[in-house]
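**Student:** Show me how the following folds:
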Amino acid sequence: MSQKSQGPLTGLKVVDLTHHLAGPTCGLMLADLGAEVIKVEKIPGGDDSRRSVPPKIGGESAAFMMMNRNKRGIALDLKTEGGKTILRRLTKDADILIENFRPGTLDRLGVGYDSLKQANPGLIYGVISGFGLTGPYRGRGGFDLVAQGMSGLMSITGDASGNTPTKVGAPVTDITAGLLLTMGVLAALHERERTGEGQIVDTSLFEAGITHTFWQSAIAFATGVAPLAMGSRHPLNAPYQAFQTADSWMCVGAASPRNWQRLMDLLEASDIAEDPRFTDNVGRMANTDALDEMLSPIFRTATTEEWLTRFEDIGIPAGPINTVMDMHADLQTANRNMTPEVTHPTAGTMKTLGPPVKFSRTPASVRSPAPIYGQHTREVLAQHGFSEAEIAAFLDEDAVVVTDVEDAPSQSRL
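**Tutor:** A predicted model of the protein is given here:
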């Protein structure tokens, strides 16, 4: 995409005080959609994901670069008066500020919402925490692993034996919390159009995990029984799971009446089709083990590719179980521009993940790489009216870090 691509959020200004994964996900989504995102990193060391290594590319954390593209980066010490002065200047005309410190941290520093809104009543102040700004757990730190356990996700994930608690492989509560905050701050912006007033938007890793239990919570509310892990099976529909083939595994979704009949016709399995235990989804869910025992030997008679070709011909939803590398190489991934390239000043040309939402007129885009630590400090401060003498004073106070790109190799090893 061109550097001049105009995304749907072009013109919005976001101050991103977040670190690691959940908060930066929100900043990433807003930046991809065209917002100007100024990432504020702490002194010393910057975003903790800079130390989420290995791997590194060109001395930079691959994890940090994944989550912080399209952002300009500055480094501030908010414990200094200079750092606070800079943050107040940045937020005076900002549309959105996002942060994921422990609740109350910025209030104690004197730069929380109540302070910043005095100069900018329309500021949307987005917060991600472990458990939210209210409730008995508000002061607790939060991590994806803990949130997955407490939200119930680990009780419904993994092998049906339930012998070992299993987390979802991806950090789903982190990423989902970032997506929920993106939705929340944009909803608050829409409301601001009507009232002119900003507000705090608050979500948590805990609630992000709970959000993923829609089906299981529906079952628990209705039955009073907690659903347990089912492997790849669906808690409400069958057959809807992974099956082993002659050479690998595949996922098959043939639970609707129409797809069930298509599957039976394809397999020419009259013994299964006519079995009263399997005539409808209620029966199949009550007899999933028996159904699995009858279908599994059939699926092992051909390769995954052979089955997928047959399924596609008759419209049964199915797919292979890819590795992440397989997914990167998939033609659909390429067609949807989900692995674009970006050029970083030290890492060189590298791939990243593309924006997952497409627009017909105002495309989201990958326009710039993640910043080197302190790369845009001088530029952003000058843009906000600070003189060279003031910037020099901030440097003397250790309130900021300024890194020129030509000095990047040494700085990138911080």
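**Student:** now the longest helix seen in the chain: mean pLDDT?
**Tutor:** Of all segments of type helix in the chain, defined using DSSP state H, the longest is helix 172-195. Taken as a whole, helix 172-195 carries a mean pLDDT of 98.
**Student:** Check which helices and strands that helix sits against.
**Tutor:** Applying 3 or more Cβ pairs under 8 Å, 6 or more residues apart in numbering; DSSP states H and E, we find helix 172-195 packed against helix 22-32, strand 96-99, strand 124-129, helix 144-150, strand 199-204, helix 205-211. Heads up, the C-betas are built off the backbone N, CA and C, glycines and all.
**Student:** Just give me the residue closest to the centre of the chain.
**Tutor:** Ile175 (2.8 Å; Cα atoms, centre = their mean).
**Student:** surely that one meets Leu21?
**Tutor:** Yes. Using Cβ atoms under 8 Å, Ile175 is in contact with Leu21, at 7.0 Å.
**Student:** Kindly state the pLDDT recorded for the residue nearest to Leu180 when sequence neighbours are not counted?
**Tutor:** Excluding its sequence neighbours, the residue lying closest to Leu180 (Cβ to Cβ, 6 or more residues apart in numbering) is Thr203, at 4.6 Å. Each residue has a pLDDT score; the one for Thr203 is 98.
**Student:** what's the answer for Gln411, then?
**Tutor:** 38.
**Student:** now Asn70
**Tutor:** pLDDT, Asn70: 98.
**Student:** in stretch 130-147, what counts as buried?
**Tutor:** Buried positions in stretch 130-147, judged by neighbour count with 16 or more other Cβ atoms under 10 Å: 130-132, 138, 142-144, 146-147.
**Student:** which stretches of this protein aren't confidently modelled?
**Tutor:** Low-confidence segments of the chain (pLDDT under 70): 1-5, 407-414.
**Student:** okay, now the domains of it?
**Tutor:** Domain ranges of the chain: 13-212+331-411, 240-244+249-320, per automatic domain parsing.
**Student:** May I see those organised as TSV, with distance to Ala226 added?
**Tutor:** TSV is the format used below for the domains of the chain (distance: least, Cβ to Cβ, whole Å):
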stretch	distance to Ala226
domain 13-212+331-411	7
domain 240-244+249-320	17
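**Student:** Tell me which of the ones you listed sits nearest to Gly231.
**Tutor:** Among these, the nearest to Gly231 by Cβ to Cβ is domain 13-212+331-411 (4.8 Å).
**Student:** any chance you could map the strands in the stretch 301-414 of the chain?
**Tutor:** Secondary structure of the stretch 301-414 of the chain (DSSP state E, counting those that start in this stretch): strands at 318-320, 341-344, 348-351, 400-401.
**Student:** From the chain's centre, how far out is the third one? Work that out for me.
**Tutor:** Same thing as strand 348-351. Distance of strand 348-351 from the chain centroid (Cα atoms, centre = their mean, to the nearest Å) equals 21 Å.
**Student:** next one: the second one
**Tutor:** The chain centroid and the centroid of strand 341-344 are separated by 21 Å, computed with Cα atoms, centre = their mean.
**Student:** strands paired with that strand, and their directions?
**Tutor:** Strand 341-344 pairs in its sheet with strand 348-351 (antiparallel), by DSSP bridges.
**Student:** quick one: Glu36 and Met154, what's the gap?
**Tutor:** Going from Glu36 to Met154 by Cβ to Cβ, to the nearest Å gives 39 Å.
**Student:** How about Thr377?
**Tutor:** According to Cβ to Cβ, Thr377 and Met154 sit 41 Å apart.
**Student:** Between these two, which has more neighbouring residues?
**Tutor:** Legend: neighbour count by other Cβ atoms under 10 Å for Thr377 and Met154, higher for Thr377 (25 against 19).
**Student:** ok, now which ones touch that one?
**Tutor:** 73-75, 400-403 (Cβ atoms under 8 Å, 6 or more residues apart in numbering).
**Student:** do Ser296 as well
**Tutor:** Going by Cβ under 8 Å, 6+ apart, Ser296 touches 243-244.
**Student:** got it, and Ile321?
**Tutor:** Per Cβ under 8 Å, 6+ apart, neighbours of Ile321: 242, 248-251.
**Student:** OK, contacts around the closest residue to Ala382 other than its chain neighbours?
**Tutor:** Distances taken as Cβ to Cβ, 6+ apart place Ile391 nearest to Ala382, at 7.3 Å, with adjacent residues excluded. The contact partners of Ile391, taken as Cβ under 8 Å, 6+ apart, are 378, 381-382, 400, 402.
**Student:** So which of the residues you listed wins on neighbours?
**Tutor:** Val400 (25 neighbours).
**Student:** Pairing partners for that residue in the sheet, please.
**Tutor:** In this structure, Val400 bridges to Leu76 when assessed by DSSP bridges.
**Student:** Hmm, it is touching Lys84, no?
**Tutor:** No. Counting by Cβ under 8 Å, Val400 stays clear of Lys84, with 11.9 Å between them.
**Student:** Look up the closest residue to Ser270, ignoring the ones flanking it.
**Tutor:** Of all residues beyond its chain neighbours, the one nearest Ser270 is Met264 (7.9 Å), with distances taken as Cβ to Cβ, 6+ apart.
**Student:** Please name the residues that touch the one you found.
**Tutor:** Met264 sits next to 270, 272-273 when contact means Cβ under 8 Å, 6+ apart.
**Student:** hmm, 10 Å instead?
**Tutor:** Residues near Met264 by Cβ atoms under 10 Å, 6 or more residues apart in numbering: 254, 270, 272-274, 278.
**Student:** Tell me if I am right that it is in a helix.
**Tutor:** Yes. According to DSSP: H, G, I helix; E, B strand; the rest coil, Met264 belongs to a helix.
**Student:** how close does it get to Trp307?
**Tutor:** Distance, Met264 to Trp307, by Cβ to Cβ: 15 Å.
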